[in-house]
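Colleague: A structural model of the following input is requested.
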Amino acid sequence: FESLHASNFISDPSDEGEITTLGSLVVALGIDLTLGAFVGLGIQFGVANEAIQLAAILSFPQSPWAKSSPMYHDIETFNTIISKTFTSRCAFDAGLFSEPMAIANLLHDYSNCKDR
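Modeller: Numbering: from 1, shown residues only. Predicted coordinates:
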């Protein structure tokens, strides 16, 4: 109950607590509590679209960039994959050092690409 109360999902940290407006929204969304709170606060601050998009990106099971391991690739292939991945991430994150923002920019560019 303490963690639900600290996250403002219930009004009192006991059996007597009522579900708050944020708690009701998160329950209705049916997603992770932290991501639901993120979306709820995004709605309250007037940035619902951005909050929903970032919550979706944060729930991706894996990164869209190629993964490499020296155990599976020879050293030249490994270096090529790593350098291309790093260059792409740097280009899309616009100096923010944020993978969620890089993925958001990647999705934006993909949706505006004419040759999909």
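
Colleague: and the residue of the chain most remote from its centre, what does it touch?
Modeller: Using CA atoms, centre = their mean, the residue of the chain lying farthest from its centre is residue 16. It sits 33.4 Å away. The contact partners of residue 16, by CB atoms under 8 Å, 6 or more residues apart in numbering, come to none. Heads up, the C-betas are built off the backbone N, CA and C, glycines and all.

Colleague: Now do the same for it: helix, strand or coil?
Modeller: coil (DSSP: H, G, I helix; E, B strand; the rest coil).

Colleague: That one and residue 8, how far apart?
Modeller: Between residue 16 and residue 8 the computed distance is 16 Å (CB to CB, to the nearest Å).

Colleague: So residue 8 versus residue 1, what's the distance?
Modeller: According to CB to CB, residue 8 stands 13 Å off from residue 1.

Colleague: ok, now residue 85?
Modeller: In this view, residue 85 and residue 1 are 44 Å apart by CB to CB.

Colleague: what pLDDT, on average, does stretch 42-58 get?
Modeller: Per-residue pLDDT values over stretch 42-58 give a mean of 91.

Colleague: let's number from 37 now, not from 1
Modeller: That works, and once the first residue is 37, the last one we named lands at stretch 78-94.

Colleague: right, and the helix or strand after the least confident helix or strand in the chain by mean pLDDT?
Modeller: Ranking every helix and strand in the chain by mean pLDDT, DSSP states H and E puts helix 38-42 at the bottom, with a mean of 78. Heading C-terminal from helix 38-42, the first helix or strand you meet, by DSSP states H and E, is helix 57-65.

Colleague: can you list contacts of that next one?
Modeller: Residues outside helix 57-65 that contact it (CB under 8 Å, 6+ apart): 40, 43-46, 55, 69, 72-73, 75-77, 79.

Colleague: Next secondary structure after the helix or strand residue 123 falls within?
Modeller: Here residue 123 sits within helix 111-129, counting by DSSP H and E. Next along the chain after helix 111-129, taking DSSP H and E as the criterion, comes helix 135-147.
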